[in-house]
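Novice: below: sequence and its predicted model.
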Amino acid sequence: MISQTLADRLEAAHARGESRFVDDLPLAEGTLHAAVFPAPCAKGLIRSLDLKKAERAAGVFSIFTAADIPGENQIGNIIADESLLADGEFHYAGQPLALVVARSAEEARRSIRLIELAFERLPAVFDPRLACAAGDLILPPRTFVLGDVESAWAHCAHRVSGRVDSGGQEHLYLETQAALAVPSERGRMVVFSSTQSPSVVQKTIARVLGISQNQVEVDVRRLGGGFGGKEDQATAWAALAALAAWKLGRPVKLALRRHEDMRFTGKRHPYSSDFAIGLDARGKILAYEVTFYQNAGAAADLSPAILERTLFHASNSYFIPNVRATAYCCRTNLPPYTAFRGFGAPQAMLVMEAAIVEAAWAMGTDVAVIQEKNLLREGDVFPYGQEAKNCRALRCWDQAVKVNDLQGRRFRVGEFNRSHRWEKKGLAVMPICFGISFTSTPLNQAGALVHVYTDGSVSVSTAAVEMGQGVNAKVRLVVARTLGISPQRVRVESTNTMRVANMSPTAASVGADLNGRAAQMACQMIRGRLLRVAAEELGLSPTENLAIVDEAVSHDRGGKSDLSWERLIRAAFSRRVNLSAQAHYATPGIHFDRQREKGRPFAYHVFGTAVCEANLDCLRGIARVERVSVVHDLGRSIDPLVDRGQMEGGIVQGIGWLTMEELLYSPEGLLISDSFGTYKVPDLRSVPDEIDLHFLEDADNPEAVMGSKAVGEPPFMYGIGAYFAIREAMRAFRPDKPLAITTPLTSEKILLFLHG
């Protein structure tokens, strides 16, 4: 049962399951439904596309192909390399070739089977290393350098190299991709989209239709989950719905079914990586070289930005004086891979931790000894040139060691393994350091519009999209605290391109940072005007210290006055004082030079340390993460309940990526694991028995709103510790057998290692 306190802070309709998503919106009479005719294999040359039978099918109004697009057949955001509808060639299974519009979704899907496609199958590539060898890159390789790696090798007492292969991950948001496009008067188009990027959808629809952006209104009430999968990937479905609505002059809805969503959309990027690490005799890392081969899929999507963040996080939470990190963005014939929680950082951190684990194994020492010895200190320099400021890596580590009695736990794990032949335990420590900001500097801006109404209620619009991460709850609290009123007075509106223009996506964990700060600034403007009115009402000097606390004006001379919030608002309106404000916030001091690959791309970093313990049934190959204990640098939390939920969800999602979530494709590039029955995610029986969270105290962050720190993505990386805890248990059973570093570490892979 939800407590009254929690219920008060949730939308009542949402808590009761009554909140509306795109697929729940009431439809106007005459609304049509669309379905996509997809490419049947990974790569082919279109010889003919016969639509005649499908066009005559019951309920079909029209079928659109690339030739019907009035503007540009282009939806690429970073690089213009992705068609809305394939023209001439298709480059991955599931790529939209045609759009069928009918009276119902069922009729649209039935008619798809009547379309006759003649095509020539072309050779396809699925391996990023093969694509790189063939020179099929989306953009030239990039390299971050610190120090001189080549010279440093000579001073290394130990040098270890290896390979890491990390798999993709399906977003599996509960709400599938969906859009409803409604033509309006004078050539306007209103689109209700399940997107994290309303302005990108607006801009792309305008491009596809050949109209100006002010003719396209995009509205987002909420998403049923996103995790990055709706940052760029929602755009195509909104543009297709808008195309059909524009051509037919009627509302058109396009909502994917689960198996369609899983087959047609991009996932977390798989990576294949090579590393070499050099250490002195004491365990100090002197040199680290890493090469990342990113499987980008058939088009750029957000891969270049994700690849960049991989490079930014190549050394994780460690200071290494000599680093060379190179990354290749490789084009393959799979659906374009896209943003996912962590945005390329988890793949990099996995390789860094693998290098340390393999080095410790070769040296015969404890992994944690090497980790602790090389943790970042204040003023250390990252490979991209930024200094570590307010560095809390050691503080998190020391508290995690103390809270978990790490030495005692390691001793008990060793005792357990010595006394149990067919059951083993593993223990691993995972420090993290995650940079907060969009690495594309221009995206670090946000706007807010705040209205105070004459009854004292407040409306706030920002660019933040609520997708279950609690950003609306945080914005609501920021507004309430800044104005000195109850949160119950504050309503957070839908995210709409007509109220806030030129929005950055809700991504990169900065939704509350950027939009909360913009809302705070707007409220500060209104509060300043109100306090001047209060001084007049109370007969005080404007220079006296006045404040609004608990919905009443207070001042130094007499404490709390009898001038209530509602009376103050009425007085301000009577004096014709503006009770609305628009504010714009841009993160200060950040920059990055891509020619030099140096700069200050992040406003701040989030630090933390997790201690993970796993149990392994060596007969059946079943691993279970028993405990994850985290000490996390959260700053001063705006909403501890929301942040705790983000922590727990991120940890479990990270464990899922590394241990069970496996993407399987046919030789033709068709996704096989395309349903809940074939794609396994953590359930209540597979999550850790205990997730123990500790937040640093006295750790305010001056770089974000109200001393807080971002929390969306950093916890995901703690799942890497669970992966290495399982590997430690596996090695306890077969200590002399080489163990490849590959994910996900499924039961099948565990069994093959234990008994193969």
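Specialist: Thanks, I have it.
Novice: show the pLDDT at the closest residue to residue 694 other than its chain neighbours.
Specialist: Counting by CB to CB, 6 or more residues apart in numbering, residue 694 lies nearest to residue 631, which is 4.7 Å off, once chain neighbours are set aside. The way it works is simple: take the backbone N, C-alpha and C, and place the C-beta from them, glycine included. At residue 631, the model reports a pLDDT of 98.
Novice: same thing with residue 695?
Specialist: Residue 695 carries a pLDDT value of 97.
Novice: for this protein, name the helix or strand with the lowest mean pLDDT.
Specialist: helix 4-8 (a mean of 42; mean pLDDT, DSSP states H and E).
Novice: using PDB, write down the CA coordinates of the helix or strand following it.
Specialist: Following helix 4-8 in sequence order, the next helix or strand is helix 12-15 (DSSP states H and E). Provided in PDB are the C-alpha atoms of helix 12-15 (Å, rounded to 0.1, in the frame of the first residue of the first chain):
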ATOM      1  CA  ALA A  12      -2.800  10.300  -8.400                       C
ATOM      2  CA  ALA A  13      -3.900   9.200 -11.900                       C
ATOM      3  CA  HIS A  14      -0.400   7.800 -12.500                       C
ATOM      4  CA  ALA A  15      -0.400   5.800  -9.300                       C
END
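Novice: give me the helices and strands touching helix 12-15, please.
Specialist: With contacts taken as 3 or more CB pairs under 8 Å, 6 or more residues apart in numbering; DSSP states H and E, helix 12-15 sits against no other helix or strand.
Novice: now stretch 15-30: buried residues?
Specialist: 21-22 (16 or more other CB atoms under 10 Å).
Novice: how far does it stretch from one end to the other?
Specialist: 32 Å (CA to CA, to the nearest Å).
Novice: who's in contact with that stretch?
Specialist: By CB atoms under 8 Å, 6 or more residues apart in numbering, the list of residues contacting stretch 15-30 from outside reads 2, 7, 11, 13, 175-176, 178-180, 182, 192-194, 221-224, 250-251, 253, 255.
Novice: rewinding a little: and the residue nearest to residue 694, how far is that from residue 692?
Specialist: Between residue 631 and residue 692 the distance is 9 Å, computed by CB to CB, to the nearest Å.
Novice: is residue 330 in a bridge, and if so with what?
Specialist: Under the criterion DSSP bridges, residue 330 forms beta bridges with residue 137, residue 295.
Novice: how far away is residue 64 from residue 49?
Specialist: 11 Å.
Novice: list the contacts for the nearest residue to residue 582 once chain neighbours are set aside?
Specialist: Spatial nearest neighbour of residue 582, excluding adjacent residues (CB to CB, 6+ apart): residue 449 at 5.0 Å. The neighbours of residue 449, taking CB under 8 Å, 6+ apart as the test, are 460-462, 499-500, 522, 580-582.
Novice: for the residues you listed, pick the one with the most neighbours.
Specialist: residue 462 (33 neighbours; other CB atoms under 10 Å).
Novice: I figured that residue hits residue 500, correct?
Specialist: Yes - in this structure, residue 462 is within contact of residue 500 by CB atoms under 8 Å, at 6.2 Å.
Novice: now the common contact residues for the two.
Specialist: Joint contacts of residue 462 and residue 500 (CB under 8 Å, 6+ apart) are 446-449.
Novice: among those residues, the buried ones, what's the ChimeraX command?
Specialist: Restricted to buried positions by 16+ other CB under 10 Å, the ChimeraX selection for the shared contacts of residue 462 and residue 500 reads:
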select :446,447,448,449
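Novice: is it fair to say the residue nearest to residue 582 lies in a strand?
Specialist: Yes - under DSSP: H, G, I helix; E, B strand; the rest coil, residue 449 falls within a strand.
Novice: give me the beta-bridge partners of it?
Specialist: With DSSP bridges as the rule, residue 449 is bridged to residue 461, residue 582.
Novice: tell me the bridge partners for residue 428.
Specialist: Applying DSSP bridges, one finds that residue 428 bridges with residue 612.
Novice: that one - how many residues pack around it?
Specialist: 24.
Novice: swap in residue 667?
Specialist: What residue 667 shows, counting by other CB under 10 Å, is a neighbour count of 9.
Novice: and it, its phi and psi?
Specialist: With angles defined as degrees, to the nearest 10, residue 667 sits at phi -60, psi -20.
Novice: and for residue 284?
Specialist: Dihedral angles (degrees, to the nearest 10) for residue 284: phi -80, psi 130.
Novice: what residues are up against it?
Specialist: 373-374.
Novice: likewise for the one 10 residues further on?
Specialist: Shown here is residue 294, whose contacts under the criterion CB under 8 Å, 6+ apart are 128, 269, 271, 303, 306-307, 310, 327-330, 344, 347.
Novice: do the same with residue 271
Specialist: Applying CB under 8 Å, 6+ apart, the residues contacting residue 271 are 128, 164-166, 292-295, 310, 347, 351.
Novice: show me what counts as buried in stretch 124-144.
Specialist: Neighbour-count burial for stretch 124-144 [16+ other CB under 10 Å]: 124-126, 128, 131-132, 137-138, 142, 144.
Novice: for the helix ranked longest in the chain, buried residues please.
Specialist: Identified as the longest helix of the chain according to DSSP state H is helix 511-538. Buried residues in helix 511-538, defined by neighbour count with 16+ other CB under 10 Å: 511-523, 526-527, 529-531, 533-535, 537-538.
Novice: picking up where we left off before, just the contacts of residue 449 now: which is nearest residue 315?
Specialist: Within the contacts of residue 449, proximity to residue 315 (CB to CB) peaks at residue 462, which comes in at 34.2 Å.
Novice: the longest helix of the chain packs against which elements?
Specialist: strand 445-452, strand 458-462, helix 471-483, strand 546-549, strand 552-555, strand 559-564, helix 565-574, strand 580-586.
Novice: which helices and strands does the fourth one pack with?
Specialist: Other helices and strands packing on strand 546-549, by 3+ CB pairs under 8 Å, 6+ apart, are helix 511-538, strand 552-555.
Novice: direction included, what does it pair up with?
Specialist: Checking strand 546-549 against DSSP bridges gives partners strand 552-555 (antiparallel).
Novice: picking up where we left off before, out of the contacts of residue 449, which is nearest to residue 31?
Specialist: residue 499 (24.9 Å).
Novice: roughly how far does residue 691 sit from residue 654?
Specialist: Distance from residue 691 to residue 654, by CB to CB: 12 Å.
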